[in-house]
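*Asks:* kindly return the folded structure for what I paste below:
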Amino acid sequence: MLEAFEVLFNRTSGPPLPLPPALQSLYRQLAFPARTGRPYLISNFVSTLDGVVSLGIPGKSGGGEISGFNPHDRALMGLLRAAADAVAVGAGTLRAVSRHLWTAEYAFPELGPDYQALRTAMGLAPTPLNVILSGSGRLDLSAPVFASGTVRTLLVTTPAGAKRLERRQLPEGVTVRVAPTEDGVTVGASDFLAEIAACLGRPEPLVLLEGGPRVMGAFFAARLIDELFLTLAPQVAGRGDSATAERPGLVSGRRLAPELPTWSALVSAHRADSHLFLRYQFAH
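*Replies:* Numbers count the residues shown, from 1 in each chain. The predicted structure follows:
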């Protein structure tokens, strides 16, 4: 059994979620502000001390290599997935971890029954909607997120991507939605969220965004991310002189400061061993 997170600071607001005893003992309390008529978007990432979120090495490009496969990081990932209506990633993230399922139990199986108890208490489906954003529609439809039958999957793409997918047989349980594009090739961040809400039939779902960095850049630029859960791992990964793009930071593809400064407020800080688990809110 995991030791409880040490709570260093907590100024969260909103009604607390009905955490079952095991999750309450572990994390103490999880709450989100009241919804405001639109999807509430949170994100979860792990970063090294020098800001690397992926090593960019085939087979070693996931968050586990960044966190050192830290069990508290995986348990918190599971908790956020358990609370979410939908978990969204870009096609690049899917390619990097092609066997992944974006469910609480996949993140941390040891707490699977407790995650399920939380979803039941919240009136949620057994698993969150898994959402994949792909502009091109070039995807491996044999990946478990599409073909396992374990999760309900939404694929949001462009008109060109949808045309490409029309020529292929989609596995059962996969829904394709075509969203408007900003430039003919890129789905707009607000349209992406609107498609998730429409698929769920709920105007105010809690959506968990797990990347990657280019997707994060688009959502930060659109001022749509409400919260960031950031695990700071006590590792320095380094970058080569010409390898910055291969070892990205939290945001890539967009320049925010100084033209679009994006400041946040720290609302909680937890610790487990030498890992810090920080939670920030953004005012829009």
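
*Asks:* CA atoms for contacts and neighbours, from now on please.
*Replies:* OK.

*Asks:* give me the phi and psi angles of residue 272.
*Replies:* Backbone torsions for residue 272, taken as degrees, to the nearest 10, come to phi -140, psi 110.

*Asks:* can you pull the pLDDT of it?
*Replies:* The model reports residue 272 with a pLDDT of 98.

*Asks:* can you give me the neighbour number for it?
*Replies:* Number of residues near residue 272 (other C-alpha atoms under 10 Å) recorded here: 17.

*Asks:* ok, now how distant is the closest residue to residue 137 other than its chain neighbours from residue 249?
*Replies:* Leaving aside its chain neighbours, residue 137 sits nearest to residue 161 (4.1 Å; criterion: C-alpha to C-alpha, 6 or more residues apart in numbering). Distance of residue 161 to residue 249, computed by C-alpha to C-alpha, to the nearest Å: 27 Å.

*Asks:* kindly report the same for residue 83.
*Replies:* Counting by C-alpha to C-alpha, the gap from residue 83 to residue 249 is 26 Å.

*Asks:* with neighbour numbers in mind, choose between those two.
*Replies:* residue 83 (25 against 18).

*Asks:* would you list the phi and psi of the nearest residue to the more buried one once chain neighbours are set aside?
*Replies:* Distance criterion C-alpha to C-alpha, 6+ apart; nearest residue to residue 83, sequence neighbours excluded, is residue 119 at 6.5 Å. Main-chain torsions, residue 119, degrees, to the nearest 10: phi -60, psi -40.

*Asks:* contacting residues for residue 119?
*Replies:* By C-alpha atoms under 8 Å, 6 or more residues apart in numbering, residue 119 lies in contact with 82, 83, 125, 126.

*Asks:* buried ones only from these, please, as a ChimeraX command.
*Replies:* Burial among these is assessed by 16 or more other C-alpha atoms under 10 Å; the matching ChimeraX selection reads:
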select :82,83,126
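
*Asks:* residue 193: which element?
*Replies:* helix 189-200 (DSSP states H and E).

*Asks:* tell me the one of the contacts of residue 119 nearest residue 235?
*Replies:* Nearest to residue 235 out of these is residue 82 (C-alpha to C-alpha; 27.6 Å).

*Asks:* secondary structure of that closest one: a strand, I assume?
*Replies:* No - under DSSP: H, G, I helix; E, B strand; the rest coil, residue 82 falls outside any strand and is assigned helix.
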